[in-house]
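A.B. asks: got a predicted structure plus its sequence, pasted below:
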Amino acid sequence: MTTPRTRRSRVFTISFPEDLAIKVEAIAKEESRTISELFRQTFRAYQMHRLDAKLQIARAEAAQRGPQIYTEDDVEALVDEIRSENYARSLERKQID
């Protein structure tokens with residue numbers, strides 16, 4: 001008896017105007033890809049573009065603030081704060097379970 005395989009992907013149905021659909025098919029054929037492969041790669045590129053845009057915004061905000069100088073004591077305090085928060089969260093999770 002074999003166990004059923006779980007699907008590791010999801011199916012999306014999308015629609016395009018005819019002129020754009022023709023271009024999609026042509027590019028997929030030109031690159032020897034399936035349309036699914038083409039859109040997976042396109043989505044990855046879109047994600048990277050979004051992340052890059054967010055990073056540029058963060059860099060611009062940081063540049064406006066100027067350099068932040070941290071002492072060793074500042075770093076230790078930040079590490080302690082984060083560890084305390086993580087410990088508190090782990091205790092909360094244990095209480096929920």
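C.D. replies: Here it is on my side, so go on. As the structure is a prediction and not an experimental result, all values here were calculated from the model.
A.B. asks: packing partners for the helix or strand harbouring Q56?
C.D. replies: In this assignment (DSSP states H and E), Q56 forms part of helix 35-65. Other helices and strands packing on helix 35-65, by 3 or more Cβ pairs under 8 Å, 6 or more residues apart in numbering; DSSP states H and E, are helix 18-30. (Each C-beta comes from the backbone N, C-alpha and C, glycine too.)
A.B. asks: and the helix it packs on, what does it pack onto?
C.D. replies: So helix 18-30, by 3+ Cβ pairs under 8 Å, 6+ apart, packs with helix 35-65.
A.B. asks: could you check the angle helix 18-30 makes with the helix it packs on?
C.D. replies: Here helix 35-65 runs at an angle of 100 degrees relative to helix 18-30 (axes from the mean of the first three to the mean of the last three Cα atoms, to 10 degrees).
A.B. asks: tell me the average confidence for helix 35-65?
C.D. replies: Mean per-residue pLDDT for helix 35-65: 95.
A.B. asks: just checking, next helix/strand downstream of that helix?
C.D. replies: By DSSP H and E, the next helix or strand past helix 35-65 is helix 72-96.
A.B. asks: give me the buried positions along that next one.
C.D. replies: For helix 72-96, burial by neighbour count (16 or more other Cβ atoms under 10 Å) applies to no residue.
A.B. asks: what about it, distance to the chain center?
C.D. replies: Relative to its chain's centre, helix 72-96 lies at 25 Å (Cα atoms, centre = their mean, to the nearest Å).
A.B. asks: give me the contact list for that helix.
C.D. replies: Residues from elsewhere that reach helix 72-96, judged by Cβ atoms under 8 Å, 6 or more residues apart in numbering: Y70.
A.B. asks: hmm, back to that, in the helix holding Q56, what's buried?
C.D. replies: Under the neighbour-count criterion of 16+ other Cβ under 10 Å, helix 35-65 has 38-39 buried.
A.B. asks: got the domain ranges for the chain?
C.D. replies: Domain ranges of the chain: 14-66, 68-97, per automatic domain parsing.
A.B. asks: which one, of those domains, ends up nearest to R5?
C.D. replies: Among the domains of the chain, the nearest to R5 by Cβ to Cβ is domain 14-66 (18.5 Å).
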